[in-house]
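S.K.: Any chance you could fold what I've pasted below:
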Amino acid sequence: MLTVVAEDGHEGYAFQSPDVIRPSVVDKYLRPALVGEDAFYRERIWQNVEQRQRGSSGQLADKALSAMDQALWDLAGRALNLPVHRLIGGFRDKIAAYGSIMCGDDIPGGLATPDDYGNFAQELVSRGYTAIKLHTWMPPMPGAPDPRNDVRACAAVRKAVGPDIALMLDGYHWYNRSDALYIGKALEELDFLWFEEPMDEASMSSYAWLSANLSIPVIGPESMQGKYRTRAEWVRGNASDILRTGMLSAGGLGPVLKTAHLAEANGMNCEIHGNGAANLALCMAVANCVYYERGLLHPHLDYDQPPLYLNAIPDPMDGEGFVHASQLPGLGEDINFDYIRSHAID
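M.R.: Sure, this is the predicted structure:
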(Lines give C-alpha, C1' and ligand atoms only; values in the text may rest on other atoms or scores of the structure.)
Protein backbone atom coordinates (compact mmCIF):
# COMPACT_ATOMS: atom_id res chain seq x y z
CA MET A 1 0.00 0.00 0.00
CA LEU A 2 1.38 3.39 -1.04
CA THR A 3 0.50 6.14 1.46
CA VAL A 4 0.78 9.87 0.74
CA VAL A 5 0.54 12.18 3.77
CA ALA A 6 -0.20 15.90 3.49
CA GLU A 7 1.18 18.51 5.89
CA ASP A 8 -2.23 18.87 7.55
CA GLY A 9 -2.35 15.15 8.30
CA HIS A 10 -4.75 13.98 5.59
CA GLU A 11 -3.72 10.76 3.86
CA GLY A 12 -4.37 9.02 0.58
CA TYR A 13 -3.81 5.38 -0.30
CA ALA A 14 -3.24 3.17 -3.32
CA PHE A 15 -2.59 -0.56 -3.67
CA GLN A 16 -0.03 -1.87 -6.13
CA SER A 17 2.43 -4.72 -6.48
CA PRO A 18 5.48 -4.41 -4.18
CA ASP A 19 7.68 -4.85 -7.26
CA VAL A 20 6.21 -1.70 -8.80
CA ILE A 21 6.36 0.59 -5.77
CA ARG A 22 9.44 -0.93 -4.14
CA PRO A 23 11.37 1.37 -1.79
CA SER A 24 14.08 2.21 -4.35
CA VAL A 25 11.44 3.54 -6.78
CA VAL A 26 9.59 5.49 -4.10
CA ASP A 27 12.76 7.00 -2.66
CA LYS A 28 14.46 7.86 -5.95
CA TYR A 29 11.54 9.04 -8.09
CA LEU A 30 8.33 9.62 -6.13
CA ARG A 31 9.47 11.06 -2.81
CA PRO A 32 11.60 13.89 -4.31
CA ALA A 33 8.67 15.03 -6.46
CA LEU A 34 6.12 14.86 -3.67
CA VAL A 35 7.83 16.19 -0.55
CA GLY A 36 7.16 19.89 -0.18
CA GLU A 37 4.50 20.00 -2.93
CA ASP A 38 0.85 20.97 -2.55
CA ALA A 39 -1.04 17.65 -2.66
CA PHE A 40 -3.82 19.27 -4.68
CA TYR A 41 -1.43 20.13 -7.53
CA ARG A 42 -1.84 16.63 -8.94
CA GLU A 43 -1.16 17.58 -12.56
CA ARG A 44 2.07 19.41 -11.76
CA ILE A 45 3.28 16.52 -9.64
CA TRP A 46 2.35 13.98 -12.32
CA GLN A 47 4.14 15.91 -15.07
CA ASN A 48 7.23 16.21 -12.88
CA VAL A 49 7.35 12.48 -12.14
CA GLU A 50 6.56 11.39 -15.70
CA GLN A 51 9.57 13.32 -16.97
CA ARG A 52 11.75 11.13 -14.76
CA GLN A 53 10.67 7.94 -16.54
CA ARG A 54 13.06 8.14 -19.47
CA GLY A 55 16.11 8.32 -17.25
CA SER A 56 14.93 5.55 -14.94
CA SER A 57 16.03 2.67 -17.22
CA GLY A 58 12.55 1.23 -17.00
CA GLN A 59 12.44 1.27 -13.20
CA LEU A 60 9.70 3.91 -12.96
CA ALA A 61 6.75 2.12 -14.54
CA ASP A 62 3.41 3.56 -15.60
CA LYS A 63 1.85 1.48 -12.82
CA ALA A 64 3.94 3.39 -10.27
CA LEU A 65 2.72 6.68 -11.75
CA SER A 66 -0.83 5.33 -11.48
CA ALA A 67 -0.38 4.42 -7.83
CA MET A 68 0.96 7.87 -6.99
CA ASP A 69 -1.82 9.66 -8.84
CA GLN A 70 -4.44 7.38 -7.31
CA ALA A 71 -3.17 8.11 -3.79
CA LEU A 72 -3.28 11.86 -4.48
CA TRP A 73 -6.87 11.70 -5.71
CA ASP A 74 -7.79 9.57 -2.69
CA LEU A 75 -6.18 12.13 -0.38
CA ALA A 76 -8.10 14.99 -1.99
CA GLY A 77 -11.41 13.17 -1.64
CA ARG A 78 -10.76 12.27 1.97
CA ALA A 79 -9.66 15.83 2.79
CA LEU A 80 -12.79 17.32 1.21
CA ASN A 81 -15.08 14.50 2.43
CA LEU A 82 -16.14 13.76 -1.15
CA PRO A 83 -16.13 10.62 -3.30
CA VAL A 84 -13.59 10.97 -6.11
CA HIS A 85 -16.20 10.62 -8.87
CA ARG A 86 -17.95 13.72 -7.51
CA LEU A 87 -14.63 15.51 -7.11
CA ILE A 88 -13.95 14.88 -10.82
CA GLY A 89 -17.50 15.88 -11.71
CA GLY A 90 -19.88 12.93 -11.61
CA PHE A 91 -21.96 11.79 -14.57
CA ARG A 92 -23.83 8.81 -13.06
CA ASP A 93 -24.41 6.98 -9.79
CA LYS A 94 -24.56 3.45 -11.18
CA ILE A 95 -23.27 1.61 -14.23
CA ALA A 96 -23.95 -1.75 -15.87
CA ALA A 97 -21.23 -4.30 -15.20
CA TYR A 98 -20.01 -6.95 -17.55
CA GLY A 99 -18.78 -10.19 -16.08
CA SER A 100 -15.19 -10.58 -17.23
CA ILE A 101 -14.43 -14.31 -17.44
CA MET A 102 -10.89 -15.56 -16.82
CA CYS A 103 -8.71 -17.16 -19.48
CA GLY A 104 -9.38 -20.77 -20.40
CA ASP A 105 -7.72 -23.56 -18.43
CA ASP A 106 -7.62 -27.35 -18.18
CA ILE A 107 -9.23 -27.60 -14.72
CA PRO A 108 -12.20 -29.98 -14.32
CA GLY A 109 -15.29 -27.88 -13.75
CA GLY A 110 -13.35 -24.77 -14.74
CA LEU A 111 -13.01 -23.30 -18.22
CA ALA A 112 -11.56 -26.24 -20.10
CA THR A 113 -14.12 -26.54 -22.92
CA PRO A 114 -16.53 -24.35 -24.90
CA ASP A 115 -19.39 -25.95 -22.96
CA ASP A 116 -17.72 -24.90 -19.70
CA TYR A 117 -17.86 -21.31 -20.94
CA GLY A 118 -21.52 -21.69 -21.86
CA ASN A 119 -22.45 -23.19 -18.50
CA PHE A 120 -20.59 -20.49 -16.57
CA ALA A 121 -22.15 -17.76 -18.69
CA GLN A 122 -25.60 -19.09 -17.77
CA GLU A 123 -24.62 -18.91 -14.11
CA LEU A 124 -23.47 -15.31 -14.52
CA VAL A 125 -26.79 -14.35 -16.10
CA SER A 126 -28.58 -15.93 -13.13
CA ARG A 127 -26.54 -13.64 -10.85
CA GLY A 128 -27.83 -10.58 -12.71
CA TYR A 129 -25.19 -9.86 -15.35
CA THR A 130 -26.56 -8.41 -18.58
CA ALA A 131 -23.17 -8.43 -20.35
CA ILE A 132 -20.28 -10.93 -20.39
CA LYS A 133 -16.74 -10.82 -21.77
CA LEU A 134 -14.73 -13.94 -22.56
CA HIS A 135 -11.00 -14.39 -22.24
CA THR A 136 -10.21 -17.58 -24.12
CA TRP A 137 -7.23 -19.96 -24.07
CA MET A 138 -3.67 -18.74 -24.24
CA PRO A 139 -0.28 -20.47 -24.00
CA PRO A 140 0.85 -22.48 -22.12
CA MET A 141 -2.55 -24.20 -22.33
CA PRO A 142 -2.26 -27.26 -24.62
CA GLY A 143 -3.45 -26.47 -28.14
CA ALA A 144 -3.58 -22.71 -27.57
CA PRO A 145 -3.90 -20.46 -29.40
CA ASP A 146 -6.67 -21.89 -31.56
CA PRO A 147 -8.95 -19.42 -33.38
CA ARG A 148 -11.52 -22.11 -34.11
CA ASN A 149 -11.76 -23.11 -30.48
CA ASP A 150 -12.15 -19.44 -29.55
CA VAL A 151 -15.09 -19.23 -31.95
CA ARG A 152 -16.58 -22.44 -30.53
CA ALA A 153 -16.45 -20.96 -27.02
CA CYS A 154 -18.11 -17.76 -28.23
CA ALA A 155 -20.82 -19.75 -30.01
CA ALA A 156 -21.44 -21.87 -26.90
CA VAL A 157 -21.88 -18.76 -24.77
CA ARG A 158 -24.25 -17.12 -27.26
CA LYS A 159 -26.33 -20.31 -27.42
CA ALA A 160 -26.38 -20.55 -23.62
CA VAL A 161 -27.43 -16.97 -22.83
CA GLY A 162 -29.63 -16.14 -25.81
CA PRO A 163 -29.76 -13.01 -27.98
CA ASP A 164 -30.35 -10.34 -25.32
CA ILE A 165 -27.07 -10.55 -23.37
CA ALA A 166 -24.25 -8.32 -24.61
CA LEU A 167 -21.09 -10.34 -25.34
CA MET A 168 -17.47 -9.36 -25.96
CA LEU A 169 -14.26 -11.28 -26.72
CA ASP A 170 -10.79 -10.56 -25.39
CA GLY A 171 -8.81 -13.54 -26.69
CA TYR A 172 -5.22 -14.37 -27.54
CA HIS A 173 -3.33 -11.12 -28.11
CA TRP A 174 -0.90 -12.19 -30.82
CA TYR A 175 -3.03 -13.57 -33.64
CA ASN A 176 -2.03 -12.63 -37.17
CA ARG A 177 -4.32 -10.61 -39.42
CA SER A 178 -5.92 -13.65 -41.09
CA ASP A 179 -6.84 -15.34 -37.81
CA ALA A 180 -8.10 -12.08 -36.30
CA LEU A 181 -10.27 -11.48 -39.36
CA TYR A 182 -11.65 -15.03 -39.20
CA ILE A 183 -12.60 -14.62 -35.54
CA GLY A 184 -14.02 -11.14 -36.10
CA LYS A 185 -16.29 -12.33 -38.93
CA ALA A 186 -17.55 -15.13 -36.69
CA LEU A 187 -18.25 -12.64 -33.89
CA GLU A 188 -20.29 -10.55 -36.31
CA GLU A 189 -22.48 -13.59 -37.02
CA LEU A 190 -22.83 -14.16 -33.26
CA ASP A 191 -23.81 -10.52 -32.69
CA PHE A 192 -20.96 -9.70 -30.28
CA LEU A 193 -20.65 -6.15 -29.00
CA TRP A 194 -16.90 -5.71 -29.49
CA PHE A 195 -13.62 -7.47 -30.36
CA GLU A 196 -10.68 -6.68 -28.07
CA GLU A 197 -6.90 -6.94 -28.53
CA PRO A 198 -6.58 -9.91 -30.92
CA MET A 199 -3.18 -8.80 -32.27
CA ASP A 200 0.03 -7.20 -31.08
CA GLU A 201 -0.89 -3.58 -30.37
CA ALA A 202 2.55 -2.40 -31.46
CA SER A 203 1.23 -2.82 -35.03
CA MET A 204 -1.29 0.00 -35.18
CA SER A 205 -1.60 -0.46 -38.95
CA SER A 206 -2.85 -4.03 -38.38
CA TYR A 207 -5.64 -2.68 -36.20
CA ALA A 208 -6.53 -0.02 -38.75
CA TRP A 209 -6.74 -2.80 -41.36
CA LEU A 210 -8.88 -4.98 -39.10
CA SER A 211 -11.23 -2.15 -38.14
CA ALA A 212 -11.73 -1.33 -41.82
CA ASN A 213 -12.59 -4.94 -42.63
CA LEU A 214 -15.05 -5.67 -39.83
CA SER A 215 -18.45 -4.27 -38.92
CA ILE A 216 -18.08 -5.34 -35.27
CA PRO A 217 -16.40 -2.57 -33.27
CA VAL A 218 -12.71 -3.15 -32.54
CA ILE A 219 -11.60 -1.79 -29.17
CA GLY A 220 -8.09 -0.72 -28.16
CA PRO A 221 -5.37 -0.10 -27.31
CA GLU A 222 -5.49 -1.79 -23.92
CA SER A 223 -1.88 -2.41 -22.97
CA MET A 224 0.21 -0.40 -25.43
CA GLN A 225 2.61 2.03 -23.76
CA GLY A 226 2.41 5.75 -24.37
CA LYS A 227 -0.58 6.68 -22.22
CA TYR A 228 -2.96 9.20 -23.83
CA ARG A 229 -0.45 10.09 -26.54
CA THR A 230 -0.62 6.58 -28.02
CA ARG A 231 -4.42 6.71 -27.86
CA ALA A 232 -4.34 9.99 -29.79
CA GLU A 233 -2.37 8.27 -32.56
CA TRP A 234 -4.92 5.43 -32.66
CA VAL A 235 -7.75 7.93 -33.06
CA ARG A 236 -5.86 9.74 -35.82
CA GLY A 237 -5.06 6.44 -37.56
CA ASN A 238 -8.60 5.03 -37.34
CA ALA A 239 -7.08 2.00 -35.63
CA SER A 240 -10.08 1.23 -33.40
CA ASP A 241 -13.76 2.07 -33.11
CA ILE A 242 -13.78 2.27 -29.32
CA LEU A 243 -10.87 3.66 -27.32
CA ARG A 244 -9.47 1.72 -24.34
CA THR A 245 -7.70 2.96 -21.23
CA GLY A 246 -7.50 2.23 -17.52
CA MET A 247 -5.48 2.66 -14.38
CA LEU A 248 -3.08 -0.18 -15.19
CA SER A 249 -1.83 1.26 -18.48
CA ALA A 250 -2.60 4.98 -18.46
CA GLY A 251 -0.47 6.28 -15.61
CA GLY A 252 -3.25 7.56 -13.35
CA LEU A 253 -6.75 9.00 -13.15
CA GLY A 254 -5.65 12.23 -14.83
CA PRO A 255 -4.35 10.52 -17.99
CA VAL A 256 -7.45 8.29 -18.14
CA LEU A 257 -9.64 11.38 -18.12
CA LYS A 258 -7.55 12.97 -20.88
CA THR A 259 -8.03 9.83 -23.00
CA ALA A 260 -11.77 9.73 -22.35
CA HIS A 261 -12.17 13.38 -23.34
CA LEU A 262 -10.05 12.78 -26.44
CA ALA A 263 -12.39 9.96 -27.44
CA GLU A 264 -15.48 12.06 -26.73
CA ALA A 265 -14.15 14.90 -28.88
CA ASN A 266 -13.82 12.41 -31.75
CA GLY A 267 -17.26 10.83 -31.34
CA MET A 268 -15.96 7.63 -29.75
CA ASN A 269 -16.77 5.69 -26.61
CA CYS A 270 -13.93 5.04 -24.20
CA GLU A 271 -14.22 1.87 -22.15
CA ILE A 272 -12.28 1.66 -18.89
CA HIS A 273 -10.10 -1.44 -18.58
CA GLY A 274 -10.09 -3.38 -15.32
CA ASN A 275 -11.86 -3.43 -12.00
CA GLY A 276 -11.19 -1.73 -8.68
CA ALA A 277 -12.15 1.44 -6.85
CA ALA A 278 -10.21 3.86 -9.06
CA ASN A 279 -11.58 2.46 -12.33
CA LEU A 280 -15.09 2.41 -10.86
CA ALA A 281 -14.80 6.09 -9.88
CA LEU A 282 -13.70 6.88 -13.43
CA CYS A 283 -16.64 4.97 -14.89
CA MET A 284 -18.95 7.14 -12.80
CA ALA A 285 -17.37 10.33 -14.16
CA VAL A 286 -16.84 9.46 -17.84
CA ALA A 287 -19.95 10.06 -19.94
CA ASN A 288 -18.77 8.02 -22.94
CA CYS A 289 -18.10 4.83 -20.96
CA VAL A 290 -20.91 2.25 -21.10
CA TYR A 291 -19.70 -0.60 -18.87
CA TYR A 292 -17.69 -1.40 -15.77
CA GLU A 293 -15.42 -4.46 -16.04
CA ARG A 294 -16.18 -6.71 -13.06
CA GLY A 295 -13.80 -9.60 -12.63
CA LEU A 296 -11.92 -11.64 -13.34
CA LEU A 297 -14.50 -14.39 -12.75
CA HIS A 298 -14.06 -18.16 -12.61
CA PRO A 299 -16.34 -21.05 -11.58
CA HIS A 300 -14.03 -21.94 -8.68
CA LEU A 301 -13.51 -18.43 -7.29
CA ASP A 302 -15.73 -16.24 -5.09
CA TYR A 303 -15.29 -12.74 -6.46
CA ASP A 304 -17.48 -11.22 -3.73
CA GLN A 305 -15.10 -12.31 -0.95
CA PRO A 306 -12.91 -9.27 -0.16
CA PRO A 307 -9.14 -9.59 0.10
CA LEU A 308 -7.81 -9.56 3.64
CA TYR A 309 -6.62 -5.95 3.40
CA LEU A 310 -10.16 -4.72 2.69
CA ASN A 311 -13.29 -4.92 4.84
CA ALA A 312 -15.53 -5.08 1.74
CA ILE A 313 -15.14 -5.22 -2.03
CA PRO A 314 -15.42 -1.82 -3.73
CA ASP A 315 -17.83 -3.00 -6.45
CA PRO A 316 -20.79 -5.03 -5.14
CA MET A 317 -23.38 -5.65 -7.87
CA ASP A 318 -27.13 -5.50 -7.47
CA GLY A 319 -29.57 -8.07 -8.84
CA GLU A 320 -30.10 -6.08 -12.04
CA GLY A 321 -26.43 -6.08 -13.01
CA PHE A 322 -25.49 -2.57 -11.85
CA VAL A 323 -22.56 -1.48 -9.73
CA HIS A 324 -23.21 1.66 -7.72
CA ALA A 325 -20.87 4.55 -6.98
CA SER A 326 -19.29 4.52 -3.55
CA GLN A 327 -20.37 7.37 -1.30
CA LEU A 328 -17.32 7.03 0.94
CA PRO A 329 -14.82 9.90 0.78
CA GLY A 330 -11.86 9.36 -1.52
CA LEU A 331 -11.80 6.40 -3.86
CA GLY A 332 -14.23 4.51 -1.65
CA GLU A 333 -12.08 1.61 -0.49
CA ASP A 334 -12.99 0.30 2.95
CA ILE A 335 -9.44 -0.49 4.04
CA ASN A 336 -8.69 -2.92 6.86
CA PHE A 337 -5.96 -0.85 8.50
CA ASP A 338 -5.75 -3.19 11.51
CA TYR A 339 -4.89 -6.12 9.23
CA ILE A 340 -2.30 -4.07 7.33
CA ARG A 341 -0.63 -2.80 10.52
CA SER A 342 -0.46 -6.28 12.02
CA HIS A 343 1.11 -7.72 8.82
CA ALA A 344 3.52 -4.91 7.95
CA ILE A 345 7.09 -5.93 7.09
CA ASP A 346 10.02 -3.64 7.82
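S.K.: which other helices and strands contact the least confident helix or strand in the chain by mean pLDDT?
M.R.: When the helices and strands of the chain are scored by mean pLDDT, DSSP states H and E, helix 247-250 comes last with a mean of 88. With contacts taken as 3 or more C-beta pairs under 8 Å, 6 or more residues apart in numbering; DSSP states H and E, helix 247-250 sits against helix 62-80, helix 227-236, helix 253-265, helix 277-285. Placement of C-beta: from N, CA and C, glycine included.
S.K.: Highest mean neighbour count out of those?
M.R.: Compared across those, helix 277-285 shows the largest average neighbour count, a mean of 27 (mean count of other C-beta atoms under 10 Å).
S.K.: circling back to that earlier point, what sits up against the least confident helix or strand of the chain?
M.R.: With contacts defined as C-beta atoms under 8 Å, 6 or more residues apart in numbering, helix 247-250 is touched by 62-63, 66, 70, 222-225, 227-228, 253, 256, 259, 273-274, 276, 278-279, 282.
S.K.: if we go to 6 Å?
M.R.: S66, S223, K227, V256, G274, A278, N279 (C-beta atoms under 6 Å, 6 or more residues apart in numbering).
S.K.: What's the separation between A278 and P83?
M.R.: Per C-beta to C-beta, to the nearest Å, A278 is found 12 Å from P83.
S.K.: no no, R52
M.R.: 31 Å.
S.K.: Nearest residue to Q122 in space, please, no chain neighbours.
M.R.: A160 (4.9 Å; C-beta to C-beta, 6 or more residues apart in numbering).
S.K.: what's the burial count for the one you found?
M.R.: Residues lying near A160 (other C-beta atoms under 10 Å) number 20.
S.K.: ok, so what distance separates it from K94?
M.R.: For A160, the distance to K94 equals 26 Å [C-beta to C-beta].
S.K.: Report the contact partners of the residue nearest to Q122.
M.R.: Contacts of A160 by C-beta under 6 Å, 6+ apart are G118, A121, Q122.
S.K.: and the first one, how many neighbours?
M.R.: By other C-beta under 10 Å, the residues close to G118 number 20.
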